[in-house]
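**Q** predicted model and sequence below, questions to follow.
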Amino acid sequence: MRKYRFTPSLLLIVLVGGCASVEGKWSLSQVDPTAARRDFAFESLTLQSDGTFYAEAKEMGKVDSVSGTWTLNSGVLSLQEQDGEQHTYDAKLRGKRLHLVRQCDGRRMTAVLEKRSS
């Protein structure tokens, strides 16, 4: 009978290997508070593994496509649009839901996006 020993480095590999990723296609599910919906423009968001993103944004009833680059560092998701506009959120991944939180006009806004199947 063979015995396996978990060393700290092996345990780290196992834990990191099992981590979920924010990469993929996301659809807006809800915004809290509901009145803050106007402050979150993205209806859909695709985060690519090469660090680029594509999104469909809704502004004044019109749907527009935007793209740019994204980074996730220490739980902070930054989206830099090609036109220079930047969006920064505290990001928390909970299963197939991505919670994006930021302060807007002194109030906390949370947008919840659900992962779409490929």
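**A** Yes, it's here.
**Q** contacts, neighbours, all on C-alpha from now
**A** Noted.
**Q** give me the below-cutoff pLDDT ranges for the protein.
**A** Counting by pLDDT under 70, the ranges of the chain that qualify are 1-20, 118.
**Q** and the strands in it?
**A** For the chain, the strands defined by DSSP state E occupy 24-32, 42-47, 52-59, 62-73, 76-81, 86-94, 97-104, 107-115.
**Q** what pairs with the second one, parallel or antiparallel?
**A** Strand pairing for strand 42-47, determined by DSSP bridges: strand 24-32 (antiparallel), strand 52-59 (antiparallel).
**Q** picking up where we left off before, so can I have CSV of the strands of the chain showing mean neighbour count?
**A** Putting those into CSV (neighbours: other CA atoms under 10 Å) gives the following:
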stretch, mean neighbour count
strand 24-32, 17
strand 42-47, 20
strand 52-59, 18
strand 62-73, 14
strand 76-81, 18
strand 86-94, 16
strand 97-104, 17
strand 107-115, 19
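**Q** what's across from the residue nearest to Val101 when sequence neighbours are not counted in the sheet?
**A** For Val101, the nearest residue in space outside its immediate sequence neighbours is Thr110; the separation is 4.4 Å by CA to CA, 6 or more residues apart in numbering. Partner residues in beta bridges with Thr110, using DSSP bridges, are Asp32, Val101.
**Q** list the residues that contact Thr110.
**A** With contact taken as CA atoms under 8 Å, 6 or more residues apart in numbering, Thr110 is in contact with 31-33, 99-102.
**Q** and of the strands paired with strand 42-47, who's closest to Gly95?
**A** Taking CA to CA as the measure, those were each checked against Gly95, and strand 24-32 came out nearest at 12.5 Å.
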